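In: 3D model of this:
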Amino acid sequence: MRKLLFTAVLIPVLAGLGWWYFREQSLPDYGPLYREYAYVSNGKSNTVSVIDLRTFALAKTIPVGSEPTGIAANSKKNEIYVVNTGSNNISVIDAESNTVVATIGVHGRPYFIDVAEDGRRAYVANSGSANVSVIDLDQRMVIGNVRVGAAPGLARVSPDGSTVVVSNRGDNTVTLIDAKLLRVRATLPVCQQPEDIAILPDSTKAFVACSGSSQVASIALRPIALESIVSGSGADKGGNLKEGKKDDHLMALLDVGRTPVSLTLKPDGGELMVCNFDSDSISIIETGNDEVGSSPEIGQHPSRGAVTLDNSRLYVTNFGSNSVAVYDIDMGRRIFTLTVGSRPDGLALTPDQNYLLVLDTQSGDVTVIQKRTPRRTLETTEYSLLTLIPVGMQPNAIVVKAFLMSKASKK
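Out: Below you'll find the predicted structure:
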């Protein structure tokens, strides 16, 4: 009888302790004005899905333009920008109300948008019209269109705001735009079908993935001090660069795996991770000396990567095997493979780095993976599937925005 009573009491206690331990941890309470959202562009639904990251529930579906692709957040104001490839315009979303508050027309077939760190300008490469639209985000208008090479895929602005790097897929070149003067500074022949771009935190070097030649181009960027050349202070009387000054130039073409489709830079800028789609591998480049290190296998058709803020983990979506690989950068090996939805591509980490959001392009949902510190007696892995959130058709890009509501919105 005593054993029966003991068992009857013990089971609920253990169940309660198990629930307390295994329950999904909620986000810290930052106050009533705090918001944390993920925005997902749905290419075939002409919508943007808003996921509340405090509850991991779909908060809203926002109609935008036709065929939304690229998406970006402004770090200085509570706005999200969506590139509508089919309607050749940009939708501006107010993150506080999650409504479209403006539509900005650009030129033909834009795909991506990049926002300067000061939050004042955005740059859009128009693949169908061979130019880059420069947008004043305060005025919400295009202030210039800079002619570049054929079929530009991506325009990325350097962290110091001085240079816009444009990959021209149609003529195998990279255009460098002076962001202050809004004019072309240099056009450099590189490798075949240049696409994705990564720029070092100190703005001294850019890397461009060339999917057609299995290479990554390393490009030295002109120091910001050389912008004074325009007024003559950086050159001698003959117009030549003074000793010690270097202009923009191609430094090296680095051989990687087949079809490098995306570049992921560690936050400290020391290493660059390359997803080689047709080699089922990643290549790791030492950015300081342009050396390609190891190229480990990572999964079938790796497409996108994300690195944690502490530079320790790389997450890679494997488009061909419906999985996400977890690569330990310090150990130099893959440590986990997690099953997700169909055809995973884009991905993002939450600000606390404890949740990974994966876009499943074919199944039209977002897989949420939780990372936690395992305890030997209760858990065998630090990763678990938290939930699956249905969004729209063909989700293709994601951005996370954490912010405080303005005082005016509190009323």
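
In: quick one: least confident helix or strand in this protein?
Out: Lowest by mean pLDDT, DSSP states H and E among the helices and strands of the chain is helix 2-22, with a mean of 42.

In: mind checking the SS state of the nearest residue to residue 202 once chain neighbours are set aside?
Out: The shortest distance from residue 202 to any non-neighbouring residue, by Cβ to Cβ, 6 or more residues apart in numbering, is to residue 269 (7.0 Å). Using the backbone N, CA and C atoms, a C-beta is placed for each residue, glycine as well. Secondary structure, DSSP: H, G, I helix; E, B strand; the rest coil: residue 269 is coil.

In: residue 203 is in contact with residue 269, correct?
Out: No: counting by Cβ atoms under 8 Å, residue 269 sits too far from residue 203 to count as a contact (10.2 Å).

In: on that earlier part again, what sits against the residue nearest to residue 202?
Out: If you count contacts by Cβ atoms under 8 Å, 6 or more residues apart in numbering, residue 269 has them with 200, 201, 202, 287.

In: now which of the residues you listed would you call buried?
Out: Among the contacts of residue 269, those classed as buried by 16 or more other Cβ atoms under 10 Å are 200, 287.

In: secondary structure and distance to residue 172 added to the contacts of residue 269, as JSON lines?
Out: Below are those laid out as JSON lines (DSSP: H, G, I helix; E, B strand; the rest coil; distance: Cβ to Cβ, whole Å):
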{"residue": "200", "secondary structure": "coil", "distance to residue 172": "23"}
{"residue": "201", "secondary structure": "coil", "distance to residue 172": "27"}
{"residue": "202", "secondary structure": "coil", "distance to residue 172": "27"}
{"residue": "287", "secondary structure": "coil", "distance to residue 172": "23"}
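
In: which one of the contacts of residue 269 is nearest to residue 129?
Out: Taking Cβ to Cβ as the measure, residue 129 lies nearest residue 200 of those, at 29.6 Å.

In: quickly note the distance from the residue nearest to the closest one when sequence neighbours are not counted to residue 144.
Out: Once flanking residues are discounted, residue 200 sits nearest to residue 269: 4.7 Å by Cβ to Cβ, 6+ apart. In this view, residue 269 and residue 144 are 29 Å apart by Cβ to Cβ, to the nearest Å.

In: likewise for residue 98?
Out: Distance from residue 98 to residue 144, by Cβ to Cβ: 30 Å.

In: how about residue 312?
Out: 41 Å.

In: what does residue 392 give?
Out: From residue 392 across to residue 144, the span is 33 Å (Cβ to Cβ).

In: the two: who's more crowded?
Out: A count of neighbours by other Cβ atoms under 10 Å puts residue 392 above the other of residue 392 and residue 144, at 20 against 15.

In: sketch out the low-pLDDT regions of the stretch 1-150 of the chain for me.
Out: For the stretch 1-150 of the chain, the stretches with pLDDT under 70 are 1-29.

In: and the residue nearest to residue 200, backbone torsions?
Out: Main-chain dihedrals, residue 269, degrees, to the nearest 10: phi 80, psi 0.

In: ok, now residue 308?
Out: phi -70, psi 160.

In: leaving out chain neighbours, which residue sits closest to it?
Out: Closest residue in space to residue 308, ignoring its immediate chain neighbours: residue 353 at 5.3 Å, by Cβ to Cβ, 6+ apart.

In: hang on, that neighbour in a strand?
Out: No: Residue 353 is assigned coil when assessed by three-state DSSP, not a strand.

In: and it, what's its pLDDT?
Out: pLDDT, residue 353: 97.

In: now stretch 316-334: buried residues?
Out: Neighbour count says stretch 316-334 has 316-319, 321-327, 329, 334 buried, by 16+ other Cβ under 10 Å.

In: ok, those vs residue 399, which is closest?
Out: Nearest to residue 399 among the buried residues of stretch 316-334, with distances taken as Cβ to Cβ, is residue 317, at 15.9 Å.

In: contacting residues for the closest one?
Out: Per Cβ under 8 Å, 6+ apart, neighbours of residue 317: 302-305, 323-324, 340, 344-347, 358-359.

In: what does residue 188 give?
Out: Residues near residue 188 by Cβ under 8 Å, 6+ apart: 173, 174, 175, 176, 219, 248, 249, 250.

In: tabulate the residues you listed (a markdown table), appending pLDDT.
Out: Below are the contacts of residue 188 laid out as a markdown table (pLDDT from 0 to 100):
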| residue | pLDDT |
| --- | --- |
| 173 | 98 |
| 174 | 98 |
| 175 | 98 |
| 176 | 98 |
| 219 | 98 |
| 248 | 97 |
| 249 | 97 |
| 250 | 98 |
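
In: which members of these occur in helices, if any?
Out: Judged by DSSP state H, helices contain none of those.

In: rewinding a little: ok, the residue nearest to residue 202 to residue 317 distance?
Out: For residue 269, the distance to residue 317 (Cβ to Cβ) stands at 23 Å.

In: can you classify the closest residue to residue 170 other than its chain neighbours by secondary structure?
Out: Using Cβ to Cβ, 6+ apart and skipping the chain neighbours, the partner closest in space to residue 170 is residue 150 (2.8 Å). For residue 150, the assignment made with three-state DSSP gives coil.

In: same question, the one 3 residues further on
Out: At residue 153 the chain is in strand, as set by three-state DSSP.

In: residues contacting residue 166?
Out: So residue 166 contacts 125, 132, 148, 149, 152, 154, 155, 156, 174, 175, 176, 177 (Cβ under 8 Å, 6+ apart).

In: same thing with residue 192?
Out: By Cβ under 8 Å, 6+ apart, the contact set of residue 192 is 172, 210, 211, 212, 213, 215.

In: apply 6 Å and report the result again.
Out: 172, 210, 212, 213 (Cβ atoms under 6 Å, 6 or more residues apart in numbering).
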